[in-house]
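Enquirer: I would like the atomic coordinates for the input below:
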Amino acid sequence: MIPFFIAAIDTVMFNLRHNGIHSFSLCGSLTREYSKLLCHGMDEHHRQMICKPHQGSAILSNEWDQYAANWDVDPSVEEYSKQSYAELLNNVNIDGLRVLDFGCGTGSLTQLLSPRVRQIVAIDPSPEMIKFVEKKALENVSTVSDYLSETLIQRHPDFGLKFDLIVASSVCSFLPNYESTLTLLKSLLTPDGVWVQWDWLSTDETSEMGLTQRRVENAFQQVGFANTKISTPFKMTSSKGEMPVLMAIGKHQ
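Expert: Model prediction:
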């Protein structure tokens, strides 16, 4: 197992890369303390690869594309996906569903879902990540390399039909506005459609590393999800500690 500090940095990088809804300021999105942790943990070359100036702010760069090959074989990414998938099966009958994999990355979870569902739309803003999804040659998967927005939903044919299930694995805790994003995603669900997310569990409402159970509960209530279930079904471990994962399920009503 890689050292905990490096694992933590990789975990944050994995989360950040998945926030496919809005461009945002990396330094503004993280707590000051955690921003320092990131800065001290990387050399100048890697700092420049993560953020670059754009219209007066630092945004997540598609230079993340060059990390796609490593993500596709990263055992921690694979383990996270396997654990998430197992818990999904414990809670949702996925057979024959039309699914949106929001922030799909290189398709680790997509690939697990594919044999049992009817169709998957896999969306991620990184073209290189999407290329790795496409290399998996999953017959029932269509890919979208873009940021999710109301404009995309109106114009892209893959969003012409609603989804029975939307999953977001390690995405929501780093969205610039989790609550408004959740509203947009809920609008894509069929009646009785199900939303499932996995994120790092935080116990601090002021921290932007993860989401607290209270914030998720309030967000679910705000957007009107029914039959909600929030749990911490597994932990990701390293040589120095454990990171609990929050799983939240809500049903459209």
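Enquirer: mind listing the helices for the stretch 51-200 of the chain?
Expert: Under the criterion DSSP state H, counting those that start in this stretch, helices of the stretch 51-200 of the chain are mapped to 68-73, 75-91, 108-113, 127-135, 150-155, 178-186.
Enquirer: wait, doesn't Leu165 sit right on Asp101?
Expert: No: taking contacts as Cβ atoms under 8 Å, Leu165 lies outside contact range of Asp101: 9.3 Å. Backbone N, C-alpha and C define where each C-beta goes, glycine included.
Enquirer: the more surrounded of these two?
Expert: Set Leu165 next to Asp101 and count neighbours by other Cβ atoms under 10 Å: Asp101 wins out with 29 against 22.
Enquirer: burial check on Asn177, number of neighbours?
Expert: Burial of Asn177, expressed as a neighbour count using other Cβ under 10 Å, amounts to 12.
Enquirer: should've said Leu161
Expert: Each residue near Leu161 was counted by other Cβ under 10 Å, and the total is 12.
Enquirer: cool, and Ser108?
Expert: Ser108 - counted by other Cβ under 10 Å - has 24 other residues nearby.
Enquirer: thinking it is in contact with Glu78, fair?
Expert: Yes: contact criterion Cβ under 8 Å: Ser108 and Glu78 qualify, at 5.8 Å.
Enquirer: residues touching stretch 77-86, excluding its own?
Expert: Applying Cβ atoms under 8 Å, 6 or more residues apart in numbering, the contact partners of stretch 77-86 are 14, 71, 105-106, 108-109, 112-113, 167, 169-170, 198, 233-234, 236, 245, 247.
Enquirer: pull out the buried residues from that stretch.
Expert: When neighbours are counted by 16 or more other Cβ atoms under 10 Å, the buried residues of stretch 77-86 are found to be 77-78, 80-81, 83-85.
Enquirer: export the helices of the stretch 51-200 of the chain to a markdown table and tack on mean pLDDT and distance to Val121?
Expert: Output for the helices of the stretch 51-200 of the chain, formatted as a markdown table (pLDDT from 0 to 100; distance: least, Cβ to Cβ, whole Å):
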| stretch | mean pLDDT | distance to Val121 |
| --- | --- | --- |
| helix 68-73 | 77 | 19 |
| helix 75-91 | 95 | 17 |
| helix 108-113 | 97 | 10 |
| helix 127-135 | 94 | 11 |
| helix 150-155 | 95 | 11 |
| helix 178-186 | 95 | 12 |
